[in-house]
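> Sequence isn't available, so here's the structure alone:
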């Protein structure tokens, strides 16, 4: 504590006049007030910045940050200009990173780490060059809240620990994959949207292969929005309930197939919409002129309410490719849209379940009964 007290007055003077320099000390504390860095000034040297839930605002000039900083209980880190990070920022406790609608660019050495059991709330920021694990949680109790945030994936990104919460909107862009491997459950909150932009893929690949519901939707207003994007699962599969899937452009549900020597057959990851309880229906909306392609996977349809499947006009399409299967546990009405089956596609139906609306079949359609 002596070191902290010794540094406090120095820290205050530097904020007013120059860069904040650790000068060999490893810790500084803001005390009981918030601080504003002048334009062009920054923290130099590496160490722990204890914020005591107060705000540290950066200046309105773009800077490159190259020193490693450990923020403890950052009530608000405010970026008032575009920021380039070429070092590691670690957040401990409950912290907020407010981008004020600016860019945060992760250079080759840039990393954002959320400590064990800690949380980071990112809001109003566009993060570029997200790849590998350069934004990561150190354990599954750690969490990341995304609110009005956009990530541009410059390469494959993998989330191996922790969980996320989506508030308002989180957009993933870039022709790459977001791979979800953590053992923890993530949530899209009510009135919130996780949007996958053109040619972006969300790959559900949890380490626990028997868990199909690590992505949860808080209410029926919780939305997964695909805009020319792909939702992929490994052989684990996904069970989706309560929320909604919005389709714009040409979108795909796909899976990884794996041969099983036990059953001498190939196992495909399956997508399941709903669970036979109308309160848990997972609504799917295919916009005008848009299509949802089911590729190398199985779509199990268990929604109860007829309004839980919405195809906006005759140019809205559901495509079951040749290597795919549609399993109707409940009735599916594609009116006014069209369902299209590829050659050797499979249509399976439970007793009492029907397929209603216009259908186009290219070649032979195989039929199965669900018992």
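That came through fine. All values derive from a computational prediction rather than experimental measurement.
> Look at residue 246 and say how many residues are nearby.
20 (other Cβ atoms under 10 Å). Glycine gets a C-beta too; all of them are placed from N, C-alpha and C.
> my guess is it contacts residue 229, does it?
No - under the criterion of Cβ atoms under 8 Å, residue 246 is not in contact with residue 229, lying 10.9 Å apart.
> Check what pLDDT the closest residue to residue 205 other than its chain neighbours gets.
In this structure, residue 205 finds its nearest non-sequential neighbour in residue 234, 4.7 Å apart by Cβ to Cβ, 6 or more residues apart in numbering. For residue 234, the model assigns a pLDDT of 92.
> ok, now which ones touch residue 234?
Counting by Cβ atoms under 8 Å, 6 or more residues apart in numbering, residue 234 touches 203-205, 209, 255-256, 258, 269.
> Write a PyMOL command that selects only the buried members of these.
Command for PyMOL, covering only those of these found buried under the criterion 16 or more other Cβ atoms under 10 Å:
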select buried, resi 203+204+205+255+256+269
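> Adding distance to residue 134, pLDDT and secondary structure, write the contacts of residue 234 out as CSV.
As requested, the contacts of residue 234 are exported to CSV (distance: Cβ to Cβ, whole Å; pLDDT from 0 to 100; DSSP: H, G, I helix; E, B strand; the rest coil):
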residue, distance to residue 134, pLDDT, secondary structure
203, 18, 97, strand
204, 21, 97, strand
205, 19, 94, coil
209, 26, 71, coil
255, 27, 94, strand
256, 25, 76, coil
258, 29, 56, strand
269, 27, 90, coil
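> could you dump the contacts of residue 234 to a markdown table with distance to residue 144?
Formatted as a markdown table, the contacts of residue 234 follow (distance: Cβ to Cβ, whole Å):
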| residue | distance to residue 144 |
| --- | --- |
| 203 | 18 |
| 204 | 17 |
| 205 | 18 |
| 209 | 24 |
| 255 | 26 |
| 256 | 26 |
| 258 | 30 |
| 269 | 25 |
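> Identify, from the contacts of residue 234, the entry nearest to residue 215.
The nearest member of these to residue 215, counting by Cβ to Cβ, is residue 204 at 6.7 Å.
> Touching, that closest one and residue 213? I think so.
No - with contact defined as Cβ under 8 Å, residue 204 does not count as touching residue 213 (10.1 Å).
> Run a quick neighbour tally on the nearest residue to residue 338 once chain neighbours are set aside.
Spatial nearest neighbour of residue 338, chain neighbours left out: residue 358 (4.7 Å); criterion: Cβ to Cβ, 6+ apart. Residues contacting residue 358 under the criterion other Cβ under 10 Å number 14.
> What of residue 337?
Using other Cβ under 10 Å, residue 337 has 24 other residues around it.
> Over to residue 328?
19.
> That one reaches residue 350, doesn't it?
Yes - assessed by Cβ under 8 Å, residue 328 is found in contact with residue 350 at 6.6 Å.
> which residues are in contact with both of those two?
Common neighbours of residue 328 and residue 350 (Cβ under 8 Å, 6+ apart) are residue 370.
> Roughly how far does residue 307 sit from residue 331?
Distance, residue 307 to residue 331, using Cβ to Cβ, to the nearest Å: 12 Å.
> These two: who's more crowded?
Applying other Cβ under 10 Å to residue 307 and residue 331 shows that residue 331 carries more neighbours, namely 17 against 9.
> Nearest residue to that one in space, please, no chain neighbours.
Using Cβ to Cβ, 6+ apart, the nearest residue to residue 331 is residue 354, at 4.7 Å.
> dump the residue contacts of that neighbour.
328, 331-332 are the contacts of residue 354 under Cβ under 8 Å, 6+ apart.
> So which of those residues is the closest to residue 319?
Ranked by distance to residue 319 (Cβ to Cβ), the contacts of residue 354 are led by residue 332 at 14.0 Å.
> Touching, that closest one and residue 349? I think so.
No - Residue 332 lies out of contact with residue 349 (Cβ under 8 Å); the separation is 9.5 Å.
> Neighbour count: those two, which is higher?
residue 332 (23 against 20).
> Check which residues of stretch 96-103 are buried.
Neighbour-count burial for stretch 96-103 [16+ other Cβ under 10 Å]: 96-99, 102-103.
> Over to stretch 220-238?
Residues of stretch 220-238 classed as buried by neighbour count (16+ other Cβ under 10 Å): 220, 222-238.
> Show me whatever sits in contact with both of residue 332 and residue 349.
residue 355.
> Show the contacting residues for residue 117.
Contacts of residue 117 by Cβ under 8 Å, 6+ apart are 139, 141-142.
> And the pLDDT for it?
In this model, residue 117 carries a pLDDT of 98.
> helix, strand or coil for it?
Taken by DSSP: H, G, I helix; E, B strand; the rest coil, the conformation at residue 117 corresponds to coil.
> Could you pull up phi and psi at it?
Backbone torsions for residue 117, taken as degrees, to the nearest 10, come to phi 70, psi 10.
> Can you give me the distance of it to residue 92?
In this view, residue 117 and residue 92 are 9 Å apart by Cβ to Cβ.
> who touches the most centrally placed residue in the chain in this structure?
Note on the chain: the residue nearest the mean C-alpha position is residue 194, at 6.2 Å, using Cα atoms, centre = their mean. Residues in contact with residue 194, defined by Cβ under 8 Å, 6+ apart, are 166, 169-170, 172, 188, 202, 223-225.
> could you redo the last one with a cut-off of 6 Å?
Applying Cβ atoms under 6 Å, 6 or more residues apart in numbering to residue 194 gives the contacts 166, 170, 188, 224.
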